[in-house]
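**Student:** quick one: sequence plus predicted model below, questions after.
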Amino acid sequence: MWNIMRLCLMSLLLMAVSLPAAQEGNPYKSKPADHEKNKALAANAHEANLKKHANSSNILVLPGVVADRQKQRVEVTVESAGLADGACCEFAVVSEASQHAYEALLIAFAQPSSIHQAFKFIGQEPGAPADPGSLRFWPRGECFRLSVVQGKEPPIRLEKLLVDRRTGKSLSEEGFRFVGSMMLPAPNDPGKKAYVADVYQPMAIVSLFNSTCTVLEVPRTASKGDAYQNTIINPEHQLTGGGLMTLLIEPFNEENAKRDKDLSLQVDAAATPPARPLTGLERLNQLAFQLKDGAAVLNEKPSLSSVVAVLSALDREKHDYFLTVNFGDRVELGGAEALAKILAIMDSERGVRIEPPPAGQLYYRAFTPDRDLLDRDARMFHPWELSLSKKDGTVSGRLLRIDSVYKAGVTKPELEIVELPVFRPEDLRKELNAESERAAKANKRARPPVIMVFAPSALTYGQLRKFLELSSPTHKTIHVYLDEPMPPIPGTKP
């Protein structure tokens, strides 16, 4: 719920500073001049489609939507939102009930969930939207080609109707991923789940940025700010006139071939542990790798170079590759860190898109931590700080809870630091729960679910994983700093 509220607030702020002059009066109610006429025409078209396809089991007819299972095609009744040339655009398509037509290309006379249902009818399943809170930084889902049909004019790709300010060219014709909107409690009945794009603004159908509240989104990583600042209406392909149009949705690949491809990488420690501490490439050479496509092992040798050779030869014209990484418990954290730096380079549109970690695993980016968080005075929020050490084979830790406290007459806050011993995973979980309870009783926003971990590089992945396993369901974002001390507490000796 907080994410939805935050998105709405961001939209309000952006609107306040960026509204076109013609829409300053009442932007949320902005609709094209002939909207009511088009709405009536859309209702008539729906009645006609019901009669036309009444006896066809291969055709699904819903208000504003016609889906053809045999042709693998979905048609949506739309109108132009009427934005001026060069106007900013965050959404390619919104529903008729949306209050964000002032930043959309098209308005659909269909519910977002109806379009989702149409995809399911033709045999398509949703993927998953990009969701940093769940450690998913890449959207998943098959790509579809979206075209606009106006009267008897030939279809025009939706991307051609929009321009990227940075390049001065229309958007790349990559299609849009069917990710599907998330479900949340219904606003008037919390006991029931509702399709978010149906009931919460912005009621998006096709988003030009990554969102958990849309039916389709761009097939790459794209922030809301990037979309708003850089995507504008293309003056060279203006939708002329009013009236109804058709948004034609078809599979991007010929013969409906699946574009997303899943791979997995298993990383284990060498059979014989090293006799001395290792650094850099030496750590990578002490790891054993197995790259799989399903049950098939792709790399001939268990070396990183063999894995890289396979990944380099993949056909990226036909597939987008999504990689799941698993670390074995015997891998030392120093080795995990060395590999994470390589994975960070591979994790790209032209490389492989790395998936969220399996249950019980840490995301690989935990080992490429945010260095800015080390400055307690400058950072925007205070994560938990956990220092781990091992003695006689047992791992234990010190946990710091840090808050900025403003005192009367002082402009700069003071840091209030509470140190808590945590000897077992249960102790850590107990302190996290206690903090959540304190925040709830004080009616305050909970501390961000982020933990900074300071640990020796010789600690194993299994030891770290097990210490965090009771906390990871709620605190997924971990930053691991190896072989460096926790920043000192003011007034104490380092």
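**Tutor:** Happy to help now that I have it.
**Student:** quick one: list the elements packing against the biggest strand by length in the chain.
**Tutor:** Ranked by number of residues, the top strand in the chain under DSSP state E is strand 394-405. Applying 3 or more CB pairs under 8 Å, 6 or more residues apart in numbering; DSSP states H and E, we find strand 394-405 packed against strand 384-391, strand 414-422, helix 425-441, helix 461-468. Quick note: C-beta positions are derived from backbone N, CA and C, even for glycine.
**Student:** which residues touch the spatially most central residue of the chain?
**Tutor:** By CA atoms, centre = their mean, the chain has its centre lying nearest to Ala130, at 1.8 Å. Residues counted as contacts of Ala130 (CB atoms under 8 Å, 6 or more residues apart in numbering) are Arg136, Phe137, Trp138, Pro139, Val179, Asn210, Ser211, Thr212, Glu217, Thr221.
**Student:** thinking again about what came up before, direction included, what does the longest strand of the chain pair against?
**Tutor:** strand 384-391 (antiparallel), strand 414-422 (antiparallel) (DSSP bridges).
**Student:** most tightly surrounded among those strands?
**Tutor:** When these are scored by mean count of other CB atoms under 10 Å, the highest mean neighbour count falls to strand 384-391 (a mean of 18).
**Student:** mind checking the pLDDT average for that one?
**Tutor:** Averaging pLDDT along strand 384-391 gives 96.
**Student:** next one: stretch 487-494
**Tutor:** Averaged over stretch 487-494, pLDDT sits at 70.
**Student:** from now on call the first residue 895
**Tutor:** Understood, numbering begins at 895; the last thing we discussed is stretch 1381-1388.
**Student:** distance from the chain centre to the strand or helix carrying Asn943, please.
**Tutor:** Using DSSP states H and E, the element containing Asn943 is helix 929-946. From the chain centre to the centre of helix 929-946 is a distance of 36 Å (CA atoms, centre = their mean, to the nearest Å).
**Student:** extract the C-alpha set from that helix and format it as CSV.
**Tutor:** Output of helix 929-946 as CSV, limited to C-alpha atoms (Å, rounded to 0.1, in the frame of the first residue of the first chain):
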residue,chain,number,x,y,z
HIS,A,929,-14.5,11.4,-25.0
GLU,A,930,-18.2,10.9,-24.1
LYS,A,931,-19.1,10.4,-27.7
ASN,A,932,-16.4,7.8,-28.1
LYS,A,933,-17.4,6.1,-24.9
ALA,A,934,-20.9,5.6,-26.3
LEU,A,935,-19.5,4.4,-29.6
ALA,A,936,-17.3,1.9,-27.7
ALA,A,937,-20.4,0.6,-25.8
ASN,A,938,-22.2,0.1,-29.1
ALA,A,939,-19.2,-1.7,-30.7
HIS,A,940,-19.2,-4.1,-27.7
GLU,A,941,-22.9,-5.0,-28.2
ALA,A,942,-22.2,-5.5,-31.9
ASN,A,943,-19.2,-7.8,-31.1
LEU,A,944,-21.3,-9.9,-28.7
LYS,A,945,-23.8,-10.6,-31.5
LYS,A,946,-21.1,-11.1,-34.1
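**Student:** brilliant, that's me finished.
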